[in-house]
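A.B. asks: Quick one: sequence plus predicted model below, questions after.
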Amino acid sequence: MFDSPLIWTASLLSILCLAAENKPVKSTSQISEKSDAEPSEEDDLIRIYSTRNCPYCDRVIIVAKLKGLRFEVVNVDLQKKPKWFTTKHPEGTVPVLEHKGNVRSFAPFLEIYWISLSFA
């Protein structure tokens, strides 16, 4: 199906256009060690801990948008991580998905599979 770069690019652009219609409920600016306040929780809101220019984080956000989920993107500065982030996720890597107190970290490509199954 994606045997040509042109077809692959056109398919990716159509997915991104569809995803752009569903924006996150909230999006934070870059959070670093100076910001001690952990984002407040909402019951049914999915929180995606991300960083700018991360393709794995972008995949999670695109899938969440395509599924029409209510989510918040929290951008974490990985060079200056806040203490609450390393307490929540000791590895300190992204993407991390949090929902109703459950925190999940992902290996590449598994995030899409997990979101598809968990939020069908």
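C.D. replies: Noted; the coordinates are in hand. Numbering: from 1, shown residues only.
A.B. asks: check which helix or strand covers the closest residue to S50 other than its chain neighbours.
C.D. replies: Counting by CB to CB, 6 or more residues apart in numbering, S50 lies nearest to C57, which is 3.8 Å off, once chain neighbours are set aside. In this view, the C-beta of every residue, glycine as well, is placed from N, C-alpha and C. Using DSSP states H and E, C57 falls within helix 55-66.
A.B. asks: Quick one: mean pLDDT for that helix?
C.D. replies: Helix 55-66 shows a mean pLDDT of 84.
A.B. asks: Which elements pack onto it?
C.D. replies: Using 3 or more CB pairs under 8 Å, 6 or more residues apart in numbering; DSSP states H and E, the elements in contact with helix 55-66 are helix 5-20, strand 46-50, strand 71-75, helix 110-118.
A.B. asks: neighbouring contacts of stretch 89-98?
C.D. replies: Contacts to stretch 89-98, defined as CB atoms under 8 Å, 6 or more residues apart in numbering, come from residues 46-51, 54, 56-57, 59-60, 76, 78, 81, 85-86, 88, 103-106, 111, 114-115.
A.B. asks: end to end, how far does that stretch reach?
C.D. replies: In stretch 89-98, first residue to last residue: 10 Å (CA to CA, to the nearest Å).
A.B. asks: before we move on, what about stretch 63-78?
C.D. replies: 23 Å.
A.B. asks: Give the buried residues for that stretch.
C.D. replies: Residues 63-67, 69, 71-77 are the ones in stretch 63-78 that count as buried (16 or more other CB atoms under 10 Å).
A.B. asks: number of nearby residues for T86?
C.D. replies: By other CB atoms under 10 Å, 13 other residues sit near T86.
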